[in-house]
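Engineer: take this sequence and fold it.
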Amino acid sequence: MTNQTSDGSIQITRAPHIEDADDILSAEALAFVAGLQRTFDERRRELLTARTERRDRIAAGGTLDFLPETAGIRAADWQVAEAPSALQDRRVEITGPAAPPKMAINALNSQAKVWLADLEDAAGPTWENVIAGIQNLRDAARGTLAHTSPAGKAYALRTDVQRPTIVTRPRGLHLTDRHLLVDGREVSASLVDFGLHFFHTARQLIANGHGPYYYLPKLESHLEARLWNDIFIHAQDALGIPQGTIRATVLIETIPAAFEMDEILYELRDHASGLNAGRWDYLFSLIKVFRDRGAKFIIPDRADVAMTAPFMRAYTELLVQTCHRRGAFAIGGMAAFVPNRNDPEATAAAFDKVRADKSREAADGFDGSWVAHPDLVPVCREVFDAVLGDRPNQLDRQRPEVSVSAEDLLDVASAPGRVTEAGLRNNLAVAVQYVAVWLTGNGAVAINNLMEDAATAEISRSQVWQQVHNEVVLADTGNTVTPELVERLLAEEVASLRESVDAATFSAYYEPAAELVARICLDEEYVDFLTLPAYDLIVEPDAEVAA
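Structural biologist: Below is the predicted model:
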């Protein structure tokens with residue numbers, strides 16, 4: 001399987017080692033994806049260039065503010081299309097990768113209202129994972145998803161509970177997929193994921209009384225939302241599906257997007273269903289955009305940055321107000337705790353923290369929130385049940401008292417907390433651990449009793465880069481963060497990790513992960529997304545080893 005057309009215009013660079021992949025990669029499905037690529041990829045690349053140009057203006061002394069040219073949209077009275085019944089109640093959403101099937105089945109059996117089926121940050125982008133994720137989502141739509149482990153344990157969809165509505169998250173606009181070429185060019189990973197999913201599941205999901213619903217990650221402007229809206233219109237027309245059937249929830253997980261929430265909803269208004277407060281990616285974006293703007297943008301240790309920090313409160317309260325004014329749902333952030341059944345006291349304490357976090361969100365007017373583990377579904381549901389009662393959501397909470405300025409969103413300096421050597425060590429260790437496991441194809445990684453995805457590694461390595469390049473003084477030791485200090489601490493953390501895995505695993509994954517983390521933390525040039533260079537390090541069956 002290297003070529004699906006006689007003229008070679010659509011090429012598969014490597015046949016996936018997965019059963020029935022030919023069905024997912026049928027000529028018809030590939031032609032649909034190719035149509036999306038040819039129609040929209042040039043605009044995608046232009047928008048990525050616009051990101052770079054905006055960042056260059058900020059590096060030269062500029063800043064972010066609400067756009068004067070779209071003031072009329074912010075002031076006007078309009079709303080997004082009313083949500084379909086399957087998306088009216090989103091009080092608890094479980095997140096997790098669409099592959100392997102065991103995790104997908106556990107999510108579908110969790111009794112959450114929504115499953116965020118992740119093809120993005122919680123999924124390693126191996127070709128097998130990409131295809132298996134689409135297969136699992138197709139089978140979930142059909143109600144046939146099942147799995148038997150090598151040990152003989154059977155996993156099947158429960159028939160005695162209501163399954164979550166599935167909302168699928170494709171990869172971001174910045175990524176391409178090396179496994180599929182159209183006219184000699186790697187296809188946008190967003191279009192691979194969206195196109196294959198939509199082609200194989202849209203009609204079945206509609207027949208189920210749901211629909212093709214999506215989470216859109218890492219948008220940075222309303223023009224990127226406009227691109228997605230045009231993609232949706234094109235896709236629905238191509239398959240003869242009524243316009244407005246697709247619904248999208250946008251993750252407001254970049255600082256530029258926080259200034260364009262109204263505009264993003266407006267561009268997607270016939271297809272929009274809400275916005276989500278993506279915590280770790282939001283902090284990562286803040287660092288990335290303002291990384292060289294001095295002390296007032298130095299973020300304390302990641303563990304110290306709570307959602308109660310003034311700049312995070314401004315972000316979340318503006319999100320709720322914006323969503324509800326426009327008839328869209330506001331979805332809260334992640335509770336990433338992984339219960340440890342061997343330590344009931346620690347688990348109970350963590351549950352208390354999750355309950356407090358979800359209580360704050362529910363009181364602020366959020367319509368639901370995310371959890372990463374099935375054991376947290378009842379905790380989140382209990383909190384939102386207490387606030388919602390028989391209501392499906394809180395769209396009636398308009399929050400007219402909220403007033404957020406550009407200065408409020410950028411007031412990083414008011415965040416309590418310190419920058420410490422302990423935090424620096426933790427960032428280095430977590431980044432290496434995550435990248436090492438990601439290179440194996442697993443994007444959802446349990447580290448220190450937290451379910452981490454790529455956003456964790458992104459903020460970890462970005463904080464290190466920022467601290468080095470701003471010569472931050474550590475509060476607990478008085479040492480200045482220098483390349484030499486980072487190299488020493490990284491070596492110590494890697495030596496400790498060496499003791500936790502076998503030699504072959506360490507050599508294959510942890511050594512290249514450590515080398516990558518060192519490079520992207522210490523290079524003069526900041527790497528926009530660590531997954532871009534990390535993608536080149538993934539060694540797949542029958543694939544050439546990256547030089």
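Engineer: can you list the buried residues in the helix or strand hosting Leu137?
Structural biologist: For Leu137, the element it lies in under DSSP states H and E is helix 127-142. Residues 127-141 are the ones in helix 127-142 that count as buried (16 or more other C-beta atoms under 10 Å). Where C-beta positions appear, they are placed from N, C-alpha and C, glycine not excepted.
Engineer: quick one: the helices in the stretch 351-500 of the chain?
Structural biologist: 377-388, 406-409, 421-439, 454-469, 483-498 (DSSP state H, counting those that start in this stretch).
Engineer: out of these, which is closest to Ala156?
Structural biologist: Smallest distance to Ala156 across these (C-beta to C-beta): 18.8 Å, for helix 377-388.
Engineer: show me what the closest one is packed against.
Structural biologist: In terms of contacts (3 or more C-beta pairs under 8 Å, 6 or more residues apart in numbering; DSSP states H and E), helix 377-388 is packed against strand 92-97, helix 344-364, strand 368-371.
Engineer: and those as JSON lines, adding mean neighbour count and distance to Ala34?
Structural biologist: Formatted as JSON lines, the helices and strands packed on helix 377-388 follow (neighbours: other C-beta atoms under 10 Å; distance: least, C-beta to C-beta, whole Å):
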{"stretch": "strand 92-97", "mean neighbour count": "26", "distance to Ala34": "26"}
{"stretch": "helix 344-364", "mean neighbour count": "16", "distance to Ala34": "42"}
{"stretch": "strand 368-371", "mean neighbour count": "27", "distance to Ala34": "34"}
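Engineer: what's the helix or strand hosting Val187 in contact with?
Structural biologist: Assigned by DSSP H and E, Val187 belongs to strand 185-188. The contact list for strand 185-188 (C-beta atoms under 8 Å, 6 or more residues apart in numbering) reads 33-34, 36-37, 40-41, 44, 173, 175-178, 180-181.
Engineer: return the list of strands paired to it, each annotated with direction.
Structural biologist: Using DSSP bridges, the strands paired with strand 185-188 are strand 176-182 (antiparallel).
Engineer: restricting to C-alpha, output the partner strand in PDB.
Structural biologist: Taking Å, rounded to 0.1, in the frame of the first residue of the first chain, the C-alpha atoms of strand 176-182 are listed here in PDB:
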ATOM      1  CA  THR A 176       1.500  17.600   9.300                       C
ATOM      2  CA  ASP A 177       1.300  13.800   8.900                       C
ATOM      3  CA  ARG A 178       4.300  12.200   7.200                       C
ATOM      4  CA  HIS A 179       2.400   9.100   6.400                       C
ATOM      5  CA  LEU A 180       0.000  10.700   3.800                       C
ATOM      6  CA  LEU A 181       1.100  12.800   0.900                       C
ATOM      7  CA  VAL A 182      -1.200  14.700  -1.500                       C
END
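Engineer: so what touches that strand?
Structural biologist: Here strand 176-182 has contacts from 9-14, 16, 30, 33-34, 37-38, 125, 127, 130, 171, 186-189, 192, 535, using C-beta under 8 Å, 6+ apart.
Engineer: next one: stretch 139-152
Structural biologist: By C-beta under 8 Å, 6+ apart, stretch 139-152 touches 100-102, 104-105, 108, 117, 136, 154-157, 166, 201, 204-205, 208.
Engineer: from those residues, which land in helices?
Structural biologist: Counted as lying in helices by DSSP state H, out of the contacts of stretch 139-152, are 101-102, 104-105, 108, 136, 201, 204-205.
Engineer: measure the closest residue to Gly35 other than its chain neighbours to Leu36 for me?
Structural biologist: Once flanking residues are discounted, Gly35 sits nearest to Ala238: 6.5 Å by C-beta to C-beta, 6 or more residues apart in numbering. Distance of Ala238 to Leu36, given as C-beta to C-beta, to the nearest Å: 8 Å.
Engineer: state the pLDDT value of Asp542.
Structural biologist: Reading off the confidence values, Asp542 has pLDDT 69.
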